[in-house]
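Chemist: Give me the fold of what follows.
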Amino acid sequence: MNCRNDIVTAPNPRQAVSYSAYFLNVLTGRKAAAEARLLATPEGWAAFVRVRRRVPSHFRQVRVRRASFPNAVTAEVVAMVENGAAHHAMTFTFAATQHGWRLSHCELLDQSQSRHRL
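Modeler: Numbering: from 1, shown residues only. As a prediction, the model looks like this:
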């Protein structure tokens with residue numbers, strides 16, 4: 001029997017959703033940001049820091065709304081964040097690595113953008 005050791009399996013999709021929840025808890029102040037850095041690529045961490053700077057205060061409520069997996073090595077998660085009366089959508093993009101999913105990009109969506117294309 002031949003066993004191949006060169007096959008790399010994609011990490012469990014639930015791990016990407018769990019990591020996005022962790023990043024959301026950093027925004028609410030429930031989790032430490034220092035540990036979240038280990039779950040991101042350098043580019044992903046820079047994007048997350050930019051989002052944190054755009055947030056005037058901590059969010060009160062956060063929730064994951066939807067996750068999709070366009071291919072075996074990419075996970076896209078959409079979350080909703082609430083700060084009082086303001087509601088925003090946030091996206092997380094994770095890339096599969098040998099260490100599991102790592103945040104490669106995130107963005108807090110601007111409500112001033114049109115919902116409909118002309």
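Chemist: Just the buried residues of the longest helix belonging to the chain, please?
Modeler: Secondary structure of the chain per DSSP state H: the longest helix is helix 13-28. Within helix 13-28, the residues scored as buried using 16 or more other Cβ atoms under 10 Å are Pro13, Gln15, Ala16, Val17, Tyr19, Ser20, Ala21, Phe23, Leu24, Val26, Leu27. C-beta here means a position set from N, CA and C on the backbone, and glycine is covered the same way.
Chemist: Kindly indicate which of these lies nearest Phe48.
Modeler: Nearest to Phe48, judged by Cβ to Cβ, of the buried residues of helix 13-28 is Phe23 at 6.4 Å.
Chemist: Would you confirm that the closest one contacts Leu39?
Modeler: Yes: at 7.5 Å, Phe23 counts as touching Leu39 under the criterion of Cβ atoms under 8 Å.
Chemist: which residues do these two both contact?
Modeler: By Cβ atoms under 8 Å, 6 or more residues apart in numbering, Phe23 and Leu39 have these common neighbours: Leu103.
Chemist: follow-up on the earlier one: following the longest helix of the chain, which helix or strand comes up?
Modeler: Sequence-wise, the next helix or strand downstream of helix 13-28 (DSSP states H and E) is helix 33-36.
Chemist: what residue lies at the spatial centre of this protein?
Modeler: For the chain, Phe92 is the residue whose C-alpha lies nearest the centre (Cα atoms, centre = their mean; 3.0 Å).
Chemist: For it, give the beta-bridge partners.
Modeler: Counting by DSSP bridges, Phe92 is bridged to Val77, Cys106.
Chemist: For it, give me its contacts.
Modeler: Contacts of Phe92 (Cβ under 8 Å, 6+ apart): Ala16, Tyr19, Ser20, Phe23, Ala75, Glu76, Val77, Val78, Ala79, Leu103, His105, Cys106.
Chemist: On the pLDDT front, check the last one for me.
Modeler: By that I understand Cys106. On pLDDT, Cys106 comes in at 95.
Chemist: from the contacts of Phe92, which single one is nearest Gln61?
Modeler: Of all the contacts of Phe92, Gln61 sits closest to Ala79, with 10.7 Å by Cβ to Cβ.
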